[in-house]
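Novice: Would you be able to build a 3D model of this:
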Amino acid sequence: MRKLLILPLFFIPVMMEAQNTRYDLRMDTVTYQYYLKGDWNKLIDTTKQAIKDNIDFKYLRQRLGYAYFVTGDYYASQAQYEKAFAFDKTDPDTRTYLYYCGLYTGNEVNKRYWSGLLSNEMKKSYTIKPFKIINSIDFEYNYKSNDNSTRGNPVYMRGGVSTELGYRLNLYQSFSTYSQTNGSSYVNTTGTVPVQTKDSSIINQNEYFALLSWTISPHLILNAGYHTLNSKIHIINKYSYRINAKQFNTLNDTTENSPGNMFCSKLTYTVNRFDFGVSGSVYMNDTIVSQQYGVHAGVLLPGSLNAYLKSSLYAMLDTKNNNRLIFTQSAGALFFKKLWVEGDITFGNLNNYSDNNGMYIYNSIDPTTFRTGLTLFWNVIPKLSVYGNYTYDTKLIEDKNISYNQHSFSGGIIWKL
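Specialist: Numbering: from 1, shown residues only. Down below sits the predicted model:
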């Protein structure tokens, strides 16, 4: 594999660089000799000093990028090859190594972007195609349990498929279903005749989600999504009472439909190990219009653990004047070979809150007011990953101001075809 990656960088005659006023013949010769000898440390130090001295040209950046590449610093290598690309956007070596940097950093968007600029021979060799109707599929199952006697244990299931519409355009779609049964029973003794009431509701919600991702440039990504929810609530009210030793029952049985729609977008800018983003969404149903605006920041730390940190702050505005802030923080690392561990924590009232680019909408009967969880990702084989998650939620019954605890267990697979 190393032999395949080592592409020759030939010494370029002075005539070819004559138009570049920052070209230096001595530095070209010295760095080329370090490149031939494989003296990567001297090549890196010499080239960095030359750049500080305002000496800069394509092959200087290419050699520095290659030195970082062979020493395993793919992010630094990518930055240098991007500088070389700015000098010459047609150079096949530069495009090739930018593709490999995306591959080895696990940046699927970058890899896909640069794969579109490879030669036809390389595309054919690596079976790279602009369109793939099914690029990956994923499945998820979630079960929740709580300690409140009036609330049932919800179940959530979801399946998704990703389609590559081009080298810079991707469509993700998912279908999901949510169900929960709730019930309560109490005796009203305030009147002359004691009345026992039993209330129950069965909630079923089917959802469709679509997210279109456009890679504007290697550093700028625009996401636009649509999420529709079809909620049905089957309500049963049973009243029982006795008069003169006779039992009487009254039953009310109704079904309510509560459809909802959400539109969302996110713009993300990445540079080296950092990413920054802004997002916005609007969720609408029969009773409320909820707006959500967010700012995001993340960093991938250097080191063998590949640790990362991600933070988001959201402002929630709705027509019921329940305006509030939500803060989320996550951190993860590769603690074991092929096993990622991620922890997260969220503060704030999550009523109608959307997460993961709009794929999840938290519109359950009782909002979450605090959340924390742990997720394990295991890359079983290169194209198959499985994950498991545990999440703890503090839930709130708003009309009674009663809090209770909920424990959530999830499992899923991601299969890239």
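Novice: where does the stretch 201-350 of the chain have low pLDDT?
Specialist: Across the stretch 201-350 of the chain, the ranges flagged by pLDDT under 70 are 238-251.
Novice: Need phi/psi at the residue most central in space within the chain.
Specialist: In the chain, the centroid-proximal residue (CA atoms, centre = their mean) is Asn356; its distance is 5.2 Å. The phi/psi pair for Asn356 (degrees, to the nearest 10) reads phi 60, psi 60.
Novice: what are the phi and psi values for Gly225?
Specialist: phi -130, psi 160.
Novice: Identify the residues contacting it.
Specialist: Listed by CB atoms under 8 Å, 6 or more residues apart in numbering, the contact set of Gly225 reads Phe209, Ala210, Leu211, Leu212, Met262, Phe263, Cys264, Ser265, Asn357, Gly358, Met359. C-beta coordinates here come from the backbone N, C-alpha and C atoms, glycine included.
Novice: Dump these to CSV, plus neighbour count.
Specialist: CSV is the format used below for the contacts of Gly225 (neighbours: other CB atoms under 10 Å):
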residue, neighbour count
Phe209, 24
Ala210, 15
Leu211, 23
Leu212, 16
Met262, 23
Phe263, 14
Cys264, 23
Ser265, 17
Asn357, 20
Gly358, 24
Met359, 20
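Novice: In three-state terms, label the closest residue to Arg95 other than its chain neighbours for me.
Specialist: Closest residue to Arg95 apart from its sequence neighbours, by CB to CB, 6 or more residues apart in numbering: Leu117 at 4.6 Å. Here Leu117 is recorded as coil under DSSP: H, G, I helix; E, B strand; the rest coil.
Novice: what do you get for Tyr390?
Specialist: Classification of Tyr390 by three-state DSSP places it in strand.
Novice: Just grab the bridge partners of it for me.
Specialist: Leu374, Phe409 (DSSP bridges).
Novice: my read: it touches Gln406, true?
Specialist: No. When contacts are counted by CB atoms under 8 Å, Tyr390 is not listed as touching Gln406 (11.5 Å).
Novice: per-residue pLDDT, the residue nearest to the centre of the chain?
Specialist: At Asn356, the predicted lDDT confidence score is 95.
Novice: What distance do you get for it to Tyr362?
Specialist: 11 Å (CB to CB, to the nearest Å).
Novice: what sits up against stretch 72-90?
Specialist: With CB under 8 Å, 6+ apart, stretch 72-90 has contacts from 20, 56-59, 61-62, 64-66, 68-69, 91, 94-95, 97-98, 100-102, 104-105, 110, 218, 272-273, 300.
Novice: Please flag which of these sit within strands.
Specialist: Leu300 (DSSP state E).
Novice: Of the contacts of stretch 72-90, grab the buried ones for PyMOL.
Specialist: To isolate the buried ones among these in PyMOL, judged by 16 or more other CB atoms under 10 Å, type:
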select buried, resi 56+57+58+59+61+62+64+65+66+68+69+91+94+95+97+98+100+101+102+105+110+218+300
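Novice: Can you show me the strands along the stretch 301-417 of the chain?
Specialist: For the stretch 301-417 of the chain, the strands defined by DSSP state E, counting those that start in this stretch occupy 308-318, 324-336, 339-347, 353-355, 360-362, 368-381, 384-397, 402-416.
Novice: residue contacts, Asp355?
Specialist: Neighbours of Asp355 in contact, by CB under 8 Å, 6+ apart: Tyr362.
Novice: gap between it and Tyr283?
Specialist: Asp355 is 12 Å from Tyr283, by CB to CB.
Novice: same check, this time on Asn142
Specialist: 20 Å.
Novice: what's the answer for Ile361, then?
Specialist: 7 Å.
Novice: what about Ser77, distance to Phe274?
Specialist: Distance from Ser77 to Phe274, counting by CB to CB: 17 Å.
Novice: between the two, which one's more packed in?
Specialist: The residue with more neighbours, out of Ser77 and Phe274, is Ser77; 24 against 11, by other CB atoms under 10 Å.
Novice: Confirm Leu47 sits in a helix?
Specialist: You called it Leu, but residue 47 is Thr. Yes. Under three-state DSSP, Thr47 sits within a helix.
Novice: For it, give me the pLDDT.
Specialist: Confidence score, pLDDT, at Thr47: 95.
Novice: Quick check, it in contact with Tyr66.
Specialist: No. Between Thr47 and Tyr66 there is no contact under CB under 8 Å: 10.5 Å.
Novice: and Ile134, what is it in contact with?
Specialist: By CB under 8 Å, 6+ apart, Ile134 lies in contact with Val161, Ser162, Thr163, Leu417.
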